[in-house]
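A.B. asks: Predicted model, plus sequence, below.
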Amino acid sequence: MTVLTILQYPNPRLRTKALPVVAVDAVITGLIADMFETMIEAKGIGLAATQIDVHQRIIVMDLSDDNSEPRVFINPEIEVLDETTQLYDEGCLSIPGFYETVERPSKVMISALDREGAPFKEEASGLLAICIQHEIDHLEGKLFVDYLSPLKRQIIRKKMKKK
Ligand code: GNR
Ligand code: NI
């Protein structure tokens, strides 16, 4: 297994739209293992393939304190189940050190393939709902800073460029 490099904002590759996975084969399985290793090493709760410059629709996630609940979402789709929204102070491994409040739908239905390629559905609320929306945004080339005012985004962009 390998720890991969995480692209940093404002790298334009983070704006690439990922394509669906065609077959969950040994290459995809190996990539998923590397993504978990990368996410854990970076102390994240989720990682989208876009962040490691692979533009296929793959997300790994572990919301537990001890990395005991790994989740994989391949070709994920969400349907908003409730117009209610929730606010959360979001961070991103591609924008380290910056946290800003983002508003998102509270309750969504996730449809995806698991690591074996089998389809499943899961109703999500709380942190899972936030995280899956944050990760699917990555697959679309979108970042949490896109929800902020242009001024706030510009400040973060300049500070990231200085690093
Ligand atoms: O580790 C992460 N924490 C986090 C906190 C609040 C909202 C979303 C996230 S996801 C982030 C990891 C990451 O950048 N995934 O793309
Ligand atoms: Ni992120």
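C.D. replies: Done, it's in. Ligands and ions are numbered 1, 2, ... in the order given.
A.B. asks: okay but Thr50 is in contact with Ala18, surely?
C.D. replies: Yes - here Thr50 lies in contact with Ala18, judged by Cβ atoms under 8 Å, at a distance of 5.6 Å. Backbone N, C-alpha and C define where each C-beta goes, glycine included.
A.B. asks: between those two, which one's more packed in?
C.D. replies: Thr50 (28 against 20; other Cβ atoms under 10 Å).
A.B. asks: Spatially nearest residue to that one, not counting backbone neighbours?
C.D. replies: The spatial neighbour of Thr50 that comes closest, neighbours along the chain excluded (Cβ to Cβ, 6 or more residues apart in numbering), is His138 at 4.5 Å.
A.B. asks: ok, now Ile58?
C.D. replies: Closest to Ile58 by Cβ to Cβ, 6+ apart is Ala49, at 4.2 Å.
A.B. asks: The longest helix seen in the chain and ligand 1, are they touching?
C.D. replies: Identified as the longest helix of the chain according to DSSP state H is helix 26-41. No - using Cβ under 6 Å from any ligand atom, helix 26-41 stays clear of ligand 1, with a minimum separation of 7.3 Å.
A.B. asks: Let me know the pLDDT of Gly117.
C.D. replies: Model confidence at Gly117, given as pLDDT, is 98.
A.B. asks: thinking it is in contact with Ile74, fair?
C.D. replies: Yes - applying Cβ under 8 Å, one finds Gly117 in contact with Ile74, separated by 7.3 Å.
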